[in-house]
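# Make a model of this:
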Amino acid sequence: MNFNTPAPAFRVWNLTAAAILDGAVLSVHTYTVKVERVGDTLTAAYVDGQAVSIERAAHLLTWAKNTGTVKQVEAFEPAAAPTLGRPRASRLHRVLARLGLGHADHYRAAAAALGRPVDSLAALTEAEGRRVWNHARAVRLAYQQAA
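Coordinates of the predicted model:
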């Protein structure tokens, strides 16, 4: 399980688009389009509640923008998780030092625990800090038992 995956953000629009031929409006279409993303990656799209390709949703949005109306009616952006900050990161550094890790090893241990590079313990979330501490403690315990 990846604890670092943010909740999907989404936006919902109500669209009105006109089918036009030789300057005459043949028909008017209305749609509700929802697009989801995680981080910077678009992950899903829905038109009137039915899953569609992201390209189809983009086409409808562009069509409505050019021939009708586009009104955003809902949006959700997940809040960023709070970080440890400098005082708590300093405490985590002290705990890791007590476990026998050198300063440079603190970042290696964090990277091993989280599966990604870590440049600052202060930028870790509470859950990530806990995972780093548990990982370092488990590794230390394994070394002690092996000796």
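# neighbouring strands for the lengthiest strand in the chain, and are they parallel or not?
Identified as the longest strand of the chain according to DSSP state E is strand 24-38. Based on DSSP bridges, the strands next to strand 24-38 in the sheet, each with its direction, are strand 9-21 (antiparallel), strand 41-47 (antiparallel).
# Redo those as CSV? Include mean neighbour count and distance to L84.
Where you see a C-beta, it was placed from the backbone N, CA and C, and this is true even at glycine. Conversion of these to CSV gives the following (neighbours: other CB atoms under 10 Å; distance: least, CB to CB, whole Å):
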stretch, mean neighbour count, distance to L84
strand 9-21, 16, 24
strand 41-47, 15, 26
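# what ranges do the helices span in this protein?
Counting by DSSP state H, the chain forms helices over residues 54-67, 85-98, 103-114, 126-146, given from the N-terminal end onward.
# report the angle between the axes of the longest one and helix 85-98?
Taking axes from the mean of the first three to the mean of the last three CA atoms, to 10 degrees, helix 126-146 and helix 85-98 form an angle of 10 degrees between their directions.
# Give me the residue ranges of this protein where confidence is low.
In the predicted model, the chain carries pLDDT under 70 at residues 1-7, 147.
# let's see it at 50
Applying pLDDT under 50 to the chain flags residues 1-3.
# returning to that earlier point: so which of the helices of the chain comes closest to V47?
Relative to V47, the nearest member of the helices of the chain by CB to CB is helix 54-67, separated by 6.3 Å.
# tell me the angle of the closest one relative to strand 9-21?
Put simply, helix 54-67 runs at 60 degrees to strand 9-21, going by the same axes, to 10 degrees.
# what's the first-to-last distance across stretch 122-131?
Start and end residues of stretch 122-131 are separated by 14 Å (CA to CA, to the nearest Å).
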